[in-house]
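K.L.:
coords please:
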Amino acid sequence: MLMWYAELLMGKTKYLYPDWYSTKQTTQETRASRKPNRLRGKLVAPQSAYSFHTPFGVLTDGRQWAVQANSSHSAWQATGIIFSIIFLYCFIAALIQYQPDELSLFDYLSATFLIVLAYAMYKTRTGGEDTWVVFDRTTGNVCFWKKNQNNSLSVPFENVNCYWIRVFRRGGITHSLHFMPTENLPNERHRWWQVHFGFAPQYEQAQFFWRVLTDFMDKSQPIPEVPGLIHQIRFVEKNGYTIEDLTEGGIEMTEADFNEVAEEIQNDMAALDARLRRIIKPDQFSADRLIKFYEACPIYAREDVLRTIVVKLRRWVKFLKGEDRMMDPAYRDFFTLKEYEAEMDKLSDFFFKVDKERRESMR
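P.N.:
Okay, here's the model as predicted:
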């Protein structure tokens, strides 16, 4: 009901997207931020390993990634709604206390609030969401876009920091992400922008988000194949879409598109599972080979691969560490007991540690 009232009063939200060429070059005239030593919150370090998955925004074509930031448009919408309610209250009170020959306090108040309401409606209906952070994988630059080129700032990615900040919202205290460049335009103190990228009530989630963006900006390695992002990348590559198609063009991944990509991924995971089962056969078994296979797995498949390996490994270790020190009978023709124990020790040191880290990050 509130959303319907807001749209009726303030108009539909418009998205005013940045100039996508703004990341081609960095801004020449800048100065150091004046806020780096007085920041609230915690500086985010990228997650050391992909062990925490949570949904995030994927407005990207694989070359540029647009992240919406808080703008004055949302503030004017909220202002208009609040003052419209106050205006109605004062207007009704003025009608009740109406006197033909004199103006009441509520007459003055309703006129004042009507002016504020009219200005808020003007700002929202002529403006839109115009504040963005654009990550460009091809150039390695990040643009903090605000309204137009003159008010925007483009810097190298290494000059951008991510912070995990406590914020107050309806329902209690939560946390959000803020992006901030270490340099700014000459006429400003800092760019301390809250972004709409994903919910991060835990610090590990913020680390996961920043790891995804950090790896996305690293041209020396593939785009991280995490759930959600890999679906988006395959969707745009299959159809040849650009960032302009996804924004100004209004192209969105439909449920049918998502399911089609998900089926392709499931087929890929089935092929990986078949390879894994071949690797753990006695005649091909090797701890080093199994570890390399896991490390080379796409990120979206690692959890399933890890689960399969850990289940098998626990069974092998259970019999090996028992009183009889038994090895799997199928491996006796290929390994001595000492060799078999060495392989199991190497696997245990690696995979039990990875599994422990994954479980701890999910708490």
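K.L.:
going forward, measure contacts and count neighbours with C-alpha atoms only.
P.N.:
Will do.
K.L.:
measure how buried D345 is and give me the count.
P.N.:
Neighbour count of D345, defined by other Cα atoms under 10 Å: 13.
K.L.:
and it, how far from A49?
P.N.:
22 Å (Cα to Cα, to the nearest Å).
K.L.:
how about M217, what does it touch?
P.N.:
For M217, the contacting residues are 135-138, 140, 157, by Cα atoms under 8 Å, 6 or more residues apart in numbering.
K.L.:
in terms of residue numbering, what are the domains of this structure?
P.N.:
Taking automatic domain parsing as the domain assignment, the record places the domains of the chain at 12-71+129-224, 74-126, 259-361.
K.L.:
just put those domains in JSON lines and tack on mean pLDDT and distance to F235.
P.N.:
Formatted as JSON lines, the domains of the chain follow (pLDDT from 0 to 100; distance: least, Cα to Cα, whole Å):
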{"stretch": "domain 12-71+129-224", "mean pLDDT": "86", "distance to F235": "9"}
{"stretch": "domain 74-126", "mean pLDDT": "76", "distance to F235": "31"}
{"stretch": "domain 259-361", "mean pLDDT": "88", "distance to F235": "7"}
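K.L.:
select, out of those, the one closest to E252.
P.N.:
Closest of the domains of the chain to E252 is domain 12-71+129-224, at 9.4 Å (criterion: Cα to Cα).
K.L.:
just name the most buried of the domains of the chain.
P.N.:
The highest mean neighbour count among the domains of the chain belongs to domain 12-71+129-224 (a mean of 18), with neighbours defined as mean count of other Cα atoms under 10 Å.
K.L.:
L313 touches S348, doesn't it?
P.N.:
Yes. Applying Cα atoms under 8 Å as the test, L313 and S348 come out as touching, 7.3 Å apart.
K.L.:
and the helices in the stretch 251-363 of the chain, which stretches?
P.N.:
With DSSP state H, counting those that start in this stretch as the definition, the stretch 251-363 of the chain shows helices at residue ranges 255-279, 287-296, 299-320, 337-347, 353-361.
K.L.:
out of those helices, the one nearest Q232 is which?
P.N.:
When the helices of the stretch 251-363 of the chain are compared by Cα to Cα, helix 255-279 sits nearest Q232, at 8.2 Å.
K.L.:
circling back to that earlier point, could you dump the domains of the chain into JSON lines with distance to E237 added?
P.N.:
Written out in JSON lines, the entries for those read as follows (distance: least, Cα to Cα, whole Å):
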{"stretch": "domain 12-71+129-224", "distance to E237": "8"}
{"stretch": "domain 74-126", "distance to E237": "33"}
{"stretch": "domain 259-361", "distance to E237": "11"}
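K.L.:
of all the ones you listed, which one is nearest G250?
P.N.:
The closest of the domains of the chain to G250 is domain 12-71+129-224. By Cα to Cα, the value is 10.6 Å.
K.L.:
sorry, back to before: among the helices of the stretch 251-363 of the chain, which comes closest to S110?
P.N.:
helix 255-279 (47.9 Å).
K.L.:
and that closest one, how far out from the chain middle?
P.N.:
Mean-position distance between helix 255-279 and its chain equals 24 Å (Cα atoms, centre = their mean, to the nearest Å).
K.L.:
that one vs helix 299-320, what angle?
P.N.:
Between the direction of helix 255-279 and that of helix 299-320, the angle (axes from the mean of the first three to the mean of the last three Cα atoms, to 10 degrees) works out to 30 degrees.
K.L.:
just checking, what packs against helix 255-279?
P.N.:
Contact analysis of helix 255-279 by 3 or more Cα pairs under 8 Å, 6 or more residues apart in numbering; DSSP states H and E lists helix 229-239, helix 287-296, helix 299-320 as its packing neighbours.
K.L.:
can you put these in JSON lines and add distance to Y119?
P.N.:
Conversion of the helices and strands packed on helix 255-279 to JSON lines gives the following (distance: least, Cα to Cα, whole Å):
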{"stretch": "helix 229-239", "distance to Y119": "39"}
{"stretch": "helix 287-296", "distance to Y119": "57"}
{"stretch": "helix 299-320", "distance to Y119": "49"}
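K.L.:
quick one, which of these is nearest to Y21?
P.N.:
For the helices and strands packed on helix 255-279, distance to Y21 was read as Cα to Cα. The smallest value, 19.5 Å, belongs to helix 229-239.
K.L.:
all strands of the stretch 1-150 of the chain, in order?
P.N.:
For the stretch 1-150 of the chain, applying DSSP state E, counting those that start in this stretch gives strands covering 31-32, 42-43, 64-69, 131-136, 141-146, 148-156.
K.L.:
can these go into JSON lines with extra columns for distance to E360?
P.N.:
Putting the strands of the stretch 1-150 of the chain into JSON lines (distance: least, Cα to Cα, whole Å) gives the following:
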{"stretch": "strand 31-32", "distance to E360": "38"}
{"stretch": "strand 42-43", "distance to E360": "20"}
{"stretch": "strand 64-69", "distance to E360": "29"}
{"stretch": "strand 131-136", "distance to E360": "31"}
{"stretch": "strand 141-146", "distance to E360": "33"}
{"stretch": "strand 148-156", "distance to E360": "34"}
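K.L.:
and of those, who's closest to P298?
P.N.:
The nearest among the strands of the stretch 1-150 of the chain, by Cα to Cα, is strand 64-69 at 20.7 Å.
K.L.:
please enumerate residues in contact with the closest one?
P.N.:
Outside of strand 64-69, the residues that reach it under the criterion Cα under 8 Å, 6+ apart are 57-60, 131-138, 193-197, 243.
K.L.:
again, 7 Å this time
P.N.:
When contacts are taken as Cα atoms under 7 Å, 6 or more residues apart in numbering, the neighbours of strand 64-69 outside the stretch itself are 59-60, 131-137, 193-197, 243.
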